[in-house]
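In: Got a predicted structure plus its sequence, pasted below:
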Amino acid sequence: MPIMNWTHPDNLAHDYPLFRVGPFGCGLCGQNQSTNPKSGELKYSINGNSRLSSEQQKQYEDQGFIIIKNLIPKHDIEKYSKRFHDIASRRVPTPPGLVVQKEVKAAKESQSENSVYKLWDLFNDDQLFDYCLHPRLLPYVEAFCGPNVMAVHTMLINKPPDSGANSSRHPLHQDMHLVPITPADRIVVAWTALEAVNRANGCLSVIAGTHKGPLLEHDYPRWEGGFNALYQGVKDMTGSENRVHIEADAGDCLLFHPNLIHGSGANRSQGYRKAITCHFAASDYDYVDVKDTIHESAANEVLAMLDRKFGHKFDKYYVWLCSDRLVQ
Ligand SMILES: O=C(O)CCC(=O)C(=O)O
C-alpha cells in the first residue's frame, strides 16, 4: 500500500486547530510495515505478552476475535450510558467537537435517545473518553498493539428500536475500509456492550477467520428501507459461513481485528442497544495515501461530512485521523 506524502502533525494542528494531535513518530519508511511472523510466532497479537491466555491467543490468531466477559465494571458502564443519555436528550450541552449522528429514518426528529445513532470522536468528552483509558482494558489492548498505544477512532453506538424499515442494520463490513492506516495487524477494536445485546436487539455478528483475508471492496447496500451514512458493506457479499452471533452482557468486551468482516442486525426490540468502541493502534503507525485505493470513496465521504460540520474545505484525505490521542 502506498504511504501518502507526509505533513508533520504539528502543521496539521496549526492548519486545523479543531483537531488534537498525538505525538506521532515521524519515521516513514515508505513501505507497508509487514508483521509476518517467523514460524511459531504470532501474527495478530504480540509474542510474549502476559495478558492473554494461550487459548485466547489461539482463538484470536485463528478467528480474529475474542470476548472478555465482564471486563468493564457496572459503575463505569452506567456512567457511559448516563452520559450518552444526557447528551442525546440535550440535558447537557453537546461537548464541542463531539459528532452527533442521527439514524437515517429519524433524521428529521429532534435530538433524543430515539433519534441519535452515534456519537463520534469521544476524545472531546472526558467522561466518555474515560473508556479508552480504562485500566482494565488497556492491558488487553497492549497484547495486540504493543506498549505505545493511540486511540484512533472512537464511537458510542446507540441502536434505537427499528422503525420497521430495517435501516438499523449495519451491513457486513471491514473497519479498515474506513481507517486508512497501517499496519492493520497492530490495530485492535474494543467493542463493549453497555447493555445486554442479543439477536432481538441487533447484536454484532462476525465471520470468523476473515481477518486473514484482504481488504475487500465496499459499497452501499441495495436496501429499500434506506441505510445510514458510512454504512457501506462488503461488495457482493455472498454466503456467511462461519458466522458467529455475539450475544453479550453489559460490560463484556469483544476484541477484534480491523479486517474481520462483521455487522449487526436490526433492533427489533422496544429498547435501545448501546455499545462503546475504540480502535486502538500502535502509536508509530503510518497513513495510507487513499488516492486511487479501496479507501478513497469512504475517505471522500468523511471529508464531505467534515466540510458540512465545520464549514471548511478540508483538502487532506487523512485529516480526520488527526482526531487520535495517545493513551499509553
Ligand atoms: O455496534 C454495531 O452495531 C456495529 C458497529 C460497527 O461495526 C461500526 O460502527 O463499524
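Out: Looks like it arrived, so ask away.

In: Quick check: bridge partners of the residue nearest to the spatial centre of the chain?
Out: The chain has H279 as the residue nearest its centroid, 4.9 Å off, counting by CA atoms, centre = their mean. In this entry, H279 is beta-bridged to H153, V189, by DSSP bridges.

In: And stretch 276-295, what's buried?
Out: By 16 or more other CB atoms under 10 Å, the buried positions in stretch 276-295 come out as 276-283, 285-290, 293-295. C-betas here are computed from N, CA, C, even on glycine.

In: Is that stretch in proximity to the ligand?
Out: No - Stretch 276-295 lies out of reach of the ligand by CB under 6 Å from any ligand atom, never closer than 6.7 Å.

In: That stretch: end-to-end distance?
Out: From its first residue to its last, stretch 276-295 covers 24 Å (CA to CA, to the nearest Å).

In: repeat for stretch 195-205
Out: End-to-end span of stretch 195-205 (CA to CA): 16 Å.

In: Show the average pLDDT along that stretch.
Out: On average, the pLDDT along stretch 195-205 is 96.

In: what's the answer for stretch 64-71, then?
Out: Rounded mean pLDDT across stretch 64-71 is 98.

In: swap in stretch 268-283?
Out: Rounded mean pLDDT across stretch 268-283 is 96.

In: Quick one: distance of it to the chain centre.
Out: Relative to the chain's own centre, stretch 268-283 is displaced by 8 Å; criterion: CA atoms, centre = their mean, to the nearest Å.

In: Repeat that for stretch 90-99.
Out: Taking the mean C-alpha point of stretch 90-99 and that of its whole chain, the gap between them comes to 20 Å (CA atoms, centre = their mean).

In: likewise stretch 220-230?
Out: For stretch 220-230, the distance to the chain centre is 19 Å (CA atoms, centre = their mean).

In: going forward can the numbers begin at 167, since that is how I track them
Out: Noted, 167 is the first residue going forward, which turns the last one into stretch 386-396.

In: Any part of it near the ligand?
Out: No - using CB under 6 Å from any ligand atom, stretch 386-396 stays clear of the ligand, with a minimum separation of 8.1 Å.

In: And what about A441, helix, strand or coil?
Out: Here A441 is recorded as strand under DSSP: H, G, I helix; E, B strand; the rest coil.

In: what about it, distance to the ligand?
Out: For A441, the distance to the ligand (CB to the nearest ligand atom, to the nearest Å) stands at 5 Å.

In: Next: P387.
Out: 14 Å.

In: Enumerate every residue touching the residue in the stretch 367-494 of the chain positioned nearest to the ligand.
Out: Closest contact between the stretch 367-494 of the chain and the ligand, by CB to the nearest ligand atom, is at S430 (3.2 Å). Going by CB atoms under 8 Å, 6 or more residues apart in numbering, S430 touches K325, R335, H336, G368, C369, L370, S371.

In: Sort out which of those are in strands and list them.
Out: K325, H336, L370, S371 (DSSP state E).

In: Wait, the first one touches N367, no?
Out: I take that to be K325. Yes - between K325 and N367 there is a contact at 6.9 Å, judged by CB atoms under 8 Å.

In: Spit out the residues that contact those two alike.
Out: Common neighbours of K325 and N367, using CB under 8 Å, 6+ apart, are N433, R439.

In: Is D242 in a helix, a strand, or coil?
Out: Secondary structure, three-state DSSP: D242 is helix.

In: In this structure it contacts H300, no?
Out: Yes - contact between D242 and H300 holds when scored by CB under 8 Å: they sit 6.9 Å apart.

In: Residue numbers of the protein in contact with the ligand?
Out: Neighbours of the ligand within the chain, by CB under 6 Å from any ligand atom: I323, K325, H336, D341, L370, H428, S430, A441.

In: Please tell me how far the third one sits from H300.
Out: According to CB to CB, to the nearest Å, H336 and H300 sit 24 Å apart.

In: same deal with the fifth one?
Out: According to CB to CB, L370 stands 20 Å off from H300.

In: Ok, the second one next?
Out: Shown here: K325 relative to H300, a distance of 22 Å by CB to CB.

In: Of all the helices and strands in this protein, which has the lowest average confidence?
Out: Ranking every helix and strand in the chain by mean pLDDT, DSSP states H and E puts helix 175-181 at the bottom, with a mean of 33.

In: pretty sure S406 is in contact with A374, am I right?
Out: No - counting by CB under 8 Å, A374 is not a contact partner of S406; they are 10.5 Å apart.

In: Of these two, which one has the most company?
Out: The residue with more neighbours, out of S406 and A374, is A374; 17 against 12, by other CB atoms under 10 Å.
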